[in-house]
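Visitor: Got a predicted structure plus its sequence, pasted below:
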Amino acid sequence: MKELNELNFPDDVRYAESHEWARLEGDKLKVGISDYAQDQLGDIVFVELPEVGDTFGKGEEFGTVESVKAVSELYMPVAGEVVAINDTLEDAPEKVNNSPYSDGWMLEIKADDASKIGDLMDNNVYLNSLKG
Amino acid sequence: MKEILGTTGLIFNEPLLWEKGKKGRSGFSLPRRDVEKHPVDKQLGGPGPDFPDLSEVEVVRHFIRLSQWNFSVDSGMYPLGSCTMKYNPKTNERQAARSGFAQAHPLLPQHLSQGTLKLMYDLEQYLNEITGMDATSLQPAAGAHGELTGMLLFYAYHKSQGAPRSKIIVPDTAHGTNPASAALCGYRSVPVKSNERGVLSPQAVGDIMDTDTAGIMVTNPNTLGLFEENIKAISEIVHAKGGLVYGDGANMNAIMGIVNMGELGIDVLHLNLHKTFSSPHGGGGPGAGPVCVRKHLEPFLPVPRVIKQKERYALSEDFPETIGKIHAFYGNVGVMIRSYSYILSMGPEDLKKASQLAVLNAAYIKDQLKGTFHLPYDRPCMHECVFSDKLQEPYKVTTLDIVKRLMDYGFHPPTIYFPLVVPGAIMIEPTETESKEDIDLFIESMQAIAKEAKENPELLHAAPRKTKRRRLDETAAARKPCLTG
């Protein structure tokens, strides 16, 4: 595992306490897990995602991610409807390890209220929360 | 440290059986024909299965060589927390191999199966006595099967009360199969967090227990190896709302003969005969996960049940409220025979002593390795103790590296990365049968590894070095599994 200063926390996404991120792209939100989360999990071997059209409240479980160590739940950072999933993860789950903020994205959602992204942490607050 | 256990030696390569042998070679000869030759219908014939042609010695060497690549509880300490790899006394095997048991057919009429039926009946009585419960079904084939049976009993009970419920409370220190068993039965599992002492607080349960919750599943001692000290108060809270308490008794080997599970308020409890009662474990079973219940749940137990009428034993299906059959025939009888043998050869005092020694051994390891490895819950443990890799973090050494290195020292790695409440968990369960000398050697090996982590972390990253196979690429195995040989 890496030190915190070796990890990448871009400022164009917002972070949830459960280590998912969300990024505003047009009128949609992209969702994935943070560099810290993928590093803690270790090599990811399977990502289970919901169906397009499913809706979830904030904090609801939308899928699971399985690494060689454990299976972890994925939680919705902002309430909304799933409009796209990254189905390339089925054959290449390592994308979540290699590029968690780009190729390793998981969901695209139509948020019930996209401004709720403001309730999530910015990169500095998130980093401080990791330092505990 | 005395000489370490692990060493290298000559290990044989061995191909698949299909790559050995030669056409026409054979390991046996058929007995001389003593009946008239009779033509067989051509439709019944065919090319036959693709078996390799091998001599006896080729087959024997094949399996002996494969076994030498392996590690077993008969070759060394196997401190697999949560899975209880205790030594299996060989007398159990002798008893199970007696021809009266081993050759009994499950369809034999009951009057010719009195011995087997008596054994099953008596074993149920012993398990009732050991657990403090009222009735037992031996049918479930393993722990998780016992859990499922328990959930079906919960459902049947609430249905008989006129109000089926939809949720089950499962703590984060329960066995990982608990939520799955609840879900398989149609329940939604509601997680509850353990407190800073690593156990459940009555308040946390009280906050979420309601009249739509069928009950709670508690593993006691839990997966941190800690005794759920509030279990009585928790049972009262759950019962007050009409719920039931399921006890995951997979860790019963810490408390058998000491704690009366019925008195704690447990309504349904499963045992793992293949763990606590020393029948073989691992390699895929077979196991046995009997379910013990209190009086009010007895009507729902699976059928057929062994009943005693005067001095005769019989199988009865006459239990109208039963959840039905959950295993072919009567469960894994061979496992029952081994556990029956274990219980009788130990007797009540020694069963209790086995629990005491299991706890003492774990407590000794916890105490000796505290400081060498991070101990997240520094409290008296039961039969297992949980460390983490936190103190080795500065050297970039992880739990996986530590336990892989332990293989070079001649020990089977403990359970790792479980329970999930401890990041980088190393869960050690020595069991009662290990001697003081072997436990000391284990402790010294762990201390030596911690020293290596500091001085030469590469040794750990490259471990194991002495085994037939070096470190396996677990990621590739999971991402691109090769399932065809």
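Guide: Perfect, I can see it now. Numbering: from 1, shown residues only, chains lettered A, B, ... in the order given.

Visitor: only C-alpha atoms for contact and neighbour calcs from this point on.
Guide: Noted.

Visitor: State the helix or strand in which residue A:21 lies.
Guide: Assigning secondary structure by DSSP states H and E places residue A:21 in strand A:20-25.

Visitor: Show me the strands in chain A, by range?
Guide: Using DSSP state E, the strands of chain A run over A:14-15, A:20-25, A:28-33, A:44-48, A:55-56, A:61-67, A:71-75, A:80-85, A:107-111.

Visitor: Paired strands for the longest one, with orientation please.
Guide: Going back to what we said before, that points to strand A:61-67. strand A:44-48 (antiparallel), strand A:71-75 (antiparallel) (DSSP bridges).

Visitor: nearest to residue A:14, of the ones you listed?
Guide: Among the strands paired with strand A:61-67, strand A:71-75 comes nearest to residue A:14, with 14.1 Å by Cα to Cα.

Visitor: Please save the CA atoms from that closest one in PDB.
Guide: Extracted in PDB, the C-alpha atoms of strand A:71-75 (Å, rounded to 0.1, in the frame of the first residue of the first chain):
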ATOM      1  CA  VAL A  71     -15.600  -7.900  -1.100                       C
ATOM      2  CA  SER A  72     -16.700  -4.400  -0.400                       C
ATOM      3  CA  GLU A  73     -20.000  -2.600  -1.000                       C
ATOM      4  CA  LEU A  74     -20.200   0.500  -3.100                       C
ATOM      5  CA  TYR A  75     -22.500   3.300  -1.900                       C
END
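
Visitor: how far away is the residue in chain A that chain B sits nearest to from residue A:66?
Guide: Ranked by Cα to the nearest Cα, the top residue of chain A for proximity to chain B is residue A:45, at 5.3 Å. In this structure, residue A:45 lies at 6 Å from residue A:66, with Cα to Cα, to the nearest Å as the measure.

Visitor: Which one's more surrounded, those two?
Guide: residue A:45 (26 against 19; other Cα atoms under 10 Å in any protein chain shown).

Visitor: sorry, back to before: can I assume the residue of chain A closest to chain B is in contact with residue B:481?
Guide: No - contact criterion Cα atoms under 8 Å: residue A:45 and residue B:481 do not qualify, at 10.7 Å.

Visitor: Just the element for residue B:306, please.
Guide: strand B:305-309.

Visitor: in that strand, what's buried?
Guide: Buried positions in strand B:305-309, judged by neighbour count with 16 or more other Cα atoms under 10 Å in any protein chain shown: B:305, B:306, B:307.

Visitor: Wasn't residue B:392 part of a helix?
Guide: Yes - under DSSP: H, G, I helix; E, B strand; the rest coil, residue B:392 sits within a helix.

Visitor: got the CA positions of stretch A:93-100 in CSV?
Guide: Extracted C-alpha coordinates of stretch A:93-100, given in CSV (Å, rounded to 0.1, in the frame of the first residue of the first chain):
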residue,chain,number,x,y,z
PRO,A,93,-11.5,-4.6,-13.6
GLU,A,94,-7.8,-3.6,-13.2
LYS,A,95,-8.9,-0.2,-14.8
VAL,A,96,-10.2,0.7,-11.3
ASN,A,97,-6.7,0.2,-9.9
ASN,A,98,-4.9,1.8,-12.8
SER,A,99,-7.0,4.9,-13.4
PRO,A,100,-9.7,5.3,-10.8
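
Visitor: Look through the stretch 51-200 of chain B and state the residue closest to chain A.
Guide: For the stretch 51-200 of chain B, Cα to the nearest Cα, closest residue to chain A: residue B:176, 10.6 Å.

Visitor: Give me the pLDDT for that residue.
Guide: As predicted, residue B:176 sits at a pLDDT of 82.

Visitor: Near it, how many other residues are there?
Guide: Neighbour tally, residue B:176, other Cα under 10 Å: 16.

Visitor: residues contacting it?
Guide: Residue B:176 makes no contacts at all, as judged by Cα atoms under 8 Å, 6 or more residues apart in numbering or on different chains.

Visitor: before we move on, what about residue A:79?
Guide: Applying Cα under 8 Å, 6+ apart, the residues contacting residue A:79 are A:55, A:56, A:57, A:58, A:59, A:111, A:112, A:113.

Visitor: can you list those residues in CSV and add neighbour count, pLDDT and distance to chain B?
Guide: As requested, the contacts of residue A:79 are exported to CSV (neighbours: other Cα atoms under 10 Å in any protein chain shown; pLDDT from 0 to 100; distance: Cα to the nearest Cα, whole Å):
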residue, neighbour count, pLDDT, distance to chain B
A:55, 20, 97, 18
A:56, 21, 96, 17
A:57, 16, 96, 17
A:58, 16, 95, 17
A:59, 15, 93, 14
A:111, 24, 96, 26
A:112, 15, 95, 26
A:113, 10, 95, 28
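
Visitor: Most widely separated two among the residues you listed?
Guide: A:59 and A:113 (14.6 Å).

Visitor: Just name whatever secondary elements the strand holding residue B:306 is in contact with.
Guide: Here strand B:305-309 touches helix B:114-131, strand B:312-316, going by 3 or more Cα pairs under 8 Å, 6 or more residues apart in numbering or on different chains; DSSP states H and E.
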